[in-house]
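**Q** show me how the following folds:
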Amino acid sequence: MRPVLLALRALGIGDLATAVPALRALRRAFPRHELVLAAPTGLTPLITATGAVDRVFGTGSFVREPIDSLCWSGPRPDIAVNLHGRGPESHRALLATDPVRFIGYAQPAAGWPDGPEWVGEEHERTRWCRLLHWHGIPADDEDLGIAAPPPVPGRAGAVVVHPGASGPERRWPVDRFAAVAGRLAAAGHRVLVSGSPGEAAAAHALATAAGLPPDAVLAGRTDLGELSALIAHARLLICGDTGVAHLATGYGTRSVVLFGPVSPRLWGPPVTGRHTVLWRGPRGLARIGVDEVYAAARRQLDADATERGGVSHAAATR
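**A** Here you go, the predicted structure:
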């Protein structure tokens with residue numbers, strides 16, 4: 001039986017995507033271990049696509065509340081790694097599995113003083129690589145690529161607009177998304193609107209205001225696999241600071257991401273030219289205008305056309 005390496009990251013899509021470099025580092029460092037990731041089972045398609053994890057141990061999603069226990073029923077882990085948070089709750093949940101070796105940030109409140117100190121103002125993907133480096137495990141925080149699923153027929157090559165986010169403070173006004181979407185559609189681009197079932201009403205309102213057909217609204221009609229395929233094969237994603245932005249990073253899809261209130265220094269995409277970040281400070285989301293977002297989208301689409309050897313967006317609108 002292979003020894004078990006149990007890692008914890010019981011959070012959401014974006015949280016998982018930013019932990020990919022750390023998971024890959026663990027895979028390289030411990031190739032003979034069975035790498036088990038404790039995470040929500042709904043994330044399984046994305047977890048599998050990382051190529052780093054052997055098995056998912058299903059948990060709830062603890063984005064808004066601390067994790068209390070894992071209910072682990074497997075063998076004693078040879079190694080347990082906390083990629084979930086600083087503790088103490090997540091430390092205690094993992095330490096309750098009685099691992100031979102534990103890797104986590106120093107957290108005396110959980111009875112674990114060993115490890116590096118937590119730094120609040122640190123990019124999320126760097127945070128977990130630094131933890132591993134401290135424990136002697138090399139990690140590359142730019143190792144973010146995720147294997148793309150096959151495209152869904154009829155949806156590839158679209159401009160995807162995703163107006164939703166986990167909290168209202170991260171949501172750009174729907175009417176502004178609609179204005180951008182309408183201008184892009186008028187310029188000849190196919191625009192699709194994605195979102196969760198709870199965001200379907202806003203997505204339909206956006207589509208109506210933008211003059212898009214009803215079948216352009218995919219909010220509430222895609223599972224994670226279909227959403228991932230949509231983002232992976234899009235020409236451009238326009239969204240707020242939310243999970244799909246991290247999917248665009250992983251798939252190399254061009255994006256325009258509107259940040260607020262959290263700084264992109266902590267959660268933003270790498271600086272590659274494929275991602276445009278718009279941020280006006282912690283309370284500045286409302287100050288980002290339609291013209292600015294449309295111009296950023298146009299530049300990304302022009303760059304995409306040049307890359308593909310096609311006609312630029314600017315030329316197409318003359």
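
**Q** state the number of residues packed around residue 12.
**A** Number of residues near residue 12 (other Cβ atoms under 10 Å) recorded here: 20. For glycine as for every other residue, the C-beta is placed from the backbone atoms N, C-alpha and C.

**Q** in contact with it, which residues?
**A** Residues near residue 12 by Cβ atoms under 8 Å, 6 or more residues apart in numbering: 40, 43, 61, 63, 166, 243.

**Q** equivalent analysis for residue 122, please.
**A** 130, 266.

**Q** relative to residue 149, how far out is it?
**A** For residue 122, the distance to residue 149 equals 31 Å [Cβ to Cβ, to the nearest Å].

**Q** same check on residue 169?
**A** 31 Å.

**Q** more neighbours: which of the two?
**A** With neighbours defined as other Cβ under 10 Å, residue 169 and residue 149 compare such that residue 149 has more, 21 against 14.

**Q** I'd guessed the more buried one sits against residue 230; true?
**A** No. Using Cβ atoms under 8 Å, residue 149 is not in contact with residue 230, being 9.5 Å away.

**Q** stretch 55-68: end-to-end distance?
**A** Start and end residues of stretch 55-68 are separated by 22 Å (Cα to Cα, to the nearest Å).

**Q** narrow the contacts of residue 12 to those in strands?
**A** Among these, the residues falling in strands (DSSP state E) are residue 40.

**Q** out of the contacts of residue 12, which end up buried?
**A** 40, 43, 61, 166, 243 (16 or more other Cβ atoms under 10 Å).

**Q** quick one: contacts for the nearest residue to the last one once chain neighbours are set aside?
**A** I take that to be residue 243. Excluding its sequence neighbours, the residue lying closest to residue 243 (Cβ to Cβ, 6 or more residues apart in numbering) is residue 13, at 3.2 Å. Residues near residue 13 by Cβ under 8 Å, 6+ apart: 43, 46, 224, 243-244, 246-247.

**Q** again, only this time at 7 Å
**A** 43, 46, 243, 246-247 (Cβ atoms under 7 Å, 6 or more residues apart in numbering).

**Q** report the distance from the longest helix belonging to the chain to the chain centre.
**A** As assigned by DSSP state H, the longest helix anywhere in the chain is helix 290-308. In terms of Cα atoms, centre = their mean, to the nearest Å, the centre of helix 290-308 is found 22 Å from the chain centre.

**Q** what are the ranges of the strands in this protein?
**A** 4-8, 34-40, 55-59, 79-82, 101-103, 159-162, 191-193, 236-240, 255-259, 275-279.

**Q** tell me where the model's unsure across this structure.
**A** 310-318 (pLDDT under 70).

**Q** which residues of it fall in helices?
**A** 13-18, 20-29, 44-49, 89-95, 124-134, 174-186, 200-210, 224-232, 243-251, 264-267, 290-308, 313-316.

**Q** returning to that earlier point: distance to residue 127 for the strands of the chain - can I get that in CSV?
**A** Putting the strands of the chain into CSV (distance: least, Cβ to Cβ, whole Å) gives the following:
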stretch, distance to residue 127
strand 4-8, 14
strand 34-40, 17
strand 55-59, 20
strand 79-82, 11
strand 101-103, 13
strand 159-162, 25
strand 191-193, 33
strand 236-240, 22
strand 255-259, 18
strand 275-279, 19
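
**Q** so which of the ones you listed is nearest residue 92?
**A** Among the strands of the chain, the nearest to residue 92 by Cβ to Cβ is strand 79-82 (10.0 Å).

**Q** CA atoms only for that closest one, dumped as PDB, please.
**A** Written as PDB, here are the backbone C-alpha positions of strand 79-82 (Å, rounded to 0.1, in the frame of the first residue of the first chain):
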ATOM      1  CA  ILE A  79       2.300  13.500   5.500                       C
ATOM      2  CA  ALA A  80      -0.400  16.000   6.100                       C
ATOM      3  CA  VAL A  81      -0.200  19.400   4.400                       C
ATOM      4  CA  ASN A  82      -2.400  22.400   5.300                       C
END
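
**Q** how about residues contacting it?
**A** Residues from elsewhere that reach strand 79-82 (Cβ under 7 Å, 6+ apart): 5-8, 26, 30, 33, 90-91, 94, 97, 99-104.

**Q** quick one: that strand to chain centroid distance?
**A** So, by Cα atoms, centre = their mean, the centroid of strand 79-82 is 22 Å from its chain's centroid.

**Q** same thing with stretch 29-43?
**A** The answer for stretch 29-43 is 18 Å, by Cα atoms, centre = their mean.

**Q** same deal with stretch 243-256?
**A** 7 Å.

**Q** cool, stretch 59-78 as well?
**A** On Cα atoms, centre = their mean, the centre of stretch 59-78 falls 21 Å from that of its chain.

**Q** list the buried residues in that stretch.
**A** 59, 61-62, 67, 70, 72, 77-78.
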